[in-house]
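**Q** only geometry, no sequence info:
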């Protein structure tokens, strides 16, 4: 396999705010203890097969804001560390199913989304290079036979209709050892995947039809407190505060009192921390659907009037998420600024870290030229800048400044792995 030369790190700037240097310094100083702690955690609670974590770097705070257990975007990763991805897949399978030779990849039904199809093809190729036979079994109801899709990259992808025989699923006469889900099940858990003899990774119970973000961040809060005690920091520096509301209907304007009440409590709590650290920026809250991805069902508020006075357009935008699913529950999360910028003219950027098993295998910066540092960047108009994250995340350099790129990337890797550990504890609840 050919390994490309190390890619240049995109030009990034960050507001020179002190506390993050304090955080990075602490992580570097405690690196041996942190890595030993992680090793013990993975022995007790094995990691999910894969995940991606969206981070926000405010200069005074570094925290995860979303964890995706069915990640897309593999085509946006640097190919420099393809070998690391392959090794991580092999390591995961040696732990989960060491005798497995054949896998079935079950994707989203985005047959017209070329970006997603490129990601799916990249993931399929990584699995093949790890030594597995792989075919792609689709849940799309309109698929009545194999369909070969030509990709802009020059490759192709064959989708085949998923079928079930007894307690196994497969395509044609191909029935694999393991089923790998790359479908977040926002539309519900399909019966065809229930009660299978084959292992399903990750299990359907971790799809958005069942999983709640407030549950994940509840686990993350405990994980953050444990590591904060280990390295002697305020856990708030790595943990976004949050509250949640259930039984809400944006179109009928039901449950708005809960939104206002919790937004008030959360804004007050953030303001107290800002006062403690002498942070002059205005606090803000992000309200988003308890389940779902793709940047849908999200709004940012800085005062209670913005919650009380939602117009019809805003309520319509918040009322549904991916696949037209109705939003009935929301999480209110502390907004974390992103003071990293990429390129010239400078555009707001946020790191996204990818992991297979418990290994950091890559990442990229999500960049948006039309959004501000307190806005959601996962929106139309974004683009991606791949980074050779693996080197930086695994090799901090204590001879350099704490915010040198390797050391900053190490901090990213630590926080992303904390989110992965929170997801592992979610997984343990369903085993």
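**A** Nice, I can see it. Since the model is a prediction, treat every value here as computed from it, not as a measurement.

**Q** measure residue 26 to residue 241 for me?
**A** Remark: distance between residue 26 and residue 241 (C-beta to C-beta, to the nearest Å) = 20 Å. Every residue, glycine included, has its C-beta placed from N, CA and C.

**Q** cool, residue 94 as well?
**A** According to C-beta to C-beta, residue 94 stands 39 Å off from residue 241.

**Q** Who has more neighbours out of these two?
**A** Comparing residue 94 with residue 241 by neighbour count (other C-beta atoms under 10 Å), the higher total belongs to residue 241, at 21 against 12.

**Q** Look at residue 148 and report its pLDDT.
**A** What the model reports for residue 148 is a pLDDT of 96.

**Q** before we move on, what about residue 410?
**A** pLDDT for residue 410: 86.

**Q** My guess is it contacts residue 26. True?
**A** No: in this structure, residue 410 is not within contact of residue 26 by C-beta atoms under 8 Å, at 11.8 Å.

**Q** Who has more neighbours out of those two?
**A** The residue with more neighbours, out of residue 410 and residue 26, is residue 410; 24 against 19, by other C-beta under 10 Å.

**Q** and the more buried one, which of the three is it?
**A** Residue 410 falls in the helix class when you classify it by DSSP: H, G, I helix; E, B strand; the rest coil.

**Q** likewise the one 10 residues further on?
**A** The local conformation at residue 420, judged by three-state DSSP, is helix.

**Q** and what of residue 383?
**A** Reduced to three states with three-state DSSP, the structure at residue 383 is strand.

**Q** Name the residues linked to the closest residue to it other than its chain neighbours by a beta bridge.
**A** Nearest-residue entry for residue 383: residue 367, 5.5 Å, with adjacent residues in sequence omitted and distances by C-beta to C-beta, 6 or more residues apart in numbering. Residue 367 forms beta bridges with residue 349, residue 383, as assigned by DSSP bridges.

**Q** Helices of this structure, start to end?
**A** Chain-ordered helices for the chain, with DSSP state H as the definition, fall at 18-29, 31-44, 82-96, 114-129, 213-231, 256-276, 304-308, 312-319, 389-394, 405-429.

**Q** and the shortest one, what does it pack onto?
**A** Using 3 or more C-beta pairs under 8 Å, 6 or more residues apart in numbering; DSSP states H and E as the contact criterion, the secondary-structure elements in contact with helix 304-308 are helix 256-276.

**Q** tell me which strands and helices the helix it packs on is in contact with?
**A** strand 242-245, strand 285-289, helix 304-308, strand 330-334.

**Q** Rebuild the ones you listed as CSV, extending it with mean neighbour count.
**A** As requested, the helices and strands packed on helix 256-276 are arranged in CSV below (neighbours: other C-beta atoms under 10 Å):
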stretch, mean neighbour count
strand 242-245, 20
strand 285-289, 24
helix 304-308, 15
strand 330-334, 24
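
**Q** wait, which of these is closest to residue 155?
**A** Closest approach to residue 155 among the helices and strands packed on helix 256-276 (C-beta to C-beta): strand 285-289, 33.9 Å.

**Q** The closest one - contacts with which helices or strands?
**A** Applying 3+ C-beta pairs under 8 Å, 6+ apart, one finds that strand 285-289 makes contact with helix 256-276, strand 298-301, strand 330-334.

**Q** Now tell me what touches the first one from outside.
**A** Read that as helix 256-276. Where contact means C-beta atoms under 8 Å, 6 or more residues apart in numbering, the residues beyond helix 256-276 that reach it are 236, 241-248, 279-281, 283-285, 287, 301-304, 307-308, 310, 330, 332, 334-335.

**Q** which regions of the stretch 301-431 of the chain lie under the pLDDT threshold?
**A** The stretch 301-431 of the chain contains residues with pLDDT under 70 at 319-324, 387-408.

**Q** The same query, at a cut-off of 50, please.
**A** With pLDDT under 50 as the threshold, the stretch 301-431 of the chain has low-confidence stretches at 389-392.

**Q** same question, the stretch 1-150 of the chain
**A** In the predicted model, the stretch 1-150 of the chain carries pLDDT under 50 at residues 1-18.

**Q** mind redoing it with 80?
**A** Along the stretch 1-150 of the chain, the model assigns pLDDT under 80 to residues 1-22, 81, 110-111.

**Q** OK, contacts around residue 215?
**A** The neighbourhood of residue 215, defined by C-beta under 8 Å, 6+ apart, consists of residue 426.

**Q** how near is it to residue 55?
**A** Using C-beta to C-beta, which is the criterion applied here, residue 215 is 20 Å from residue 55.

**Q** would a markdown table of the helices of the chain with distance to residue 150 be doable?
**A** Conversion of the helices of the chain to a markdown table gives the following (distance: least, C-beta to C-beta, whole Å):
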| stretch | distance to residue 150 |
| --- | --- |
| helix 18-29 | 45 |
| helix 31-44 | 40 |
| helix 82-96 | 23 |
| helix 114-129 | 10 |
| helix 213-231 | 37 |
| helix 256-276 | 46 |
| helix 304-308 | 46 |
| helix 312-319 | 34 |
| helix 389-394 | 30 |
| helix 405-429 | 34 |
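
**Q** of the ones you listed, which approaches residue 353 most closely?
**A** The closest of the helices of the chain to residue 353 is helix 405-429. By C-beta to C-beta, the value is 3.7 Å.

**Q** Please compute how far the closest one lies from its chain's middle.
**A** Here the centre of helix 405-429 is set off from its chain's centre by 10 Å, with C-alpha atoms, centre = their mean, to the nearest Å.

**Q** what's it packed up against?
**A** helix 18-29, helix 31-44, strand 50-57, strand 62-68, helix 213-231, strand 347-356, strand 359-368, helix 389-394.

**Q** let's see 6 Å
**A** In this structure, helix 405-429 packs against helix 18-29, strand 50-57, strand 62-68, helix 213-231, strand 347-356, helix 389-394, with contacts taken as 3 or more C-beta pairs under 6 Å, 6 or more residues apart in numbering; DSSP states H and E.
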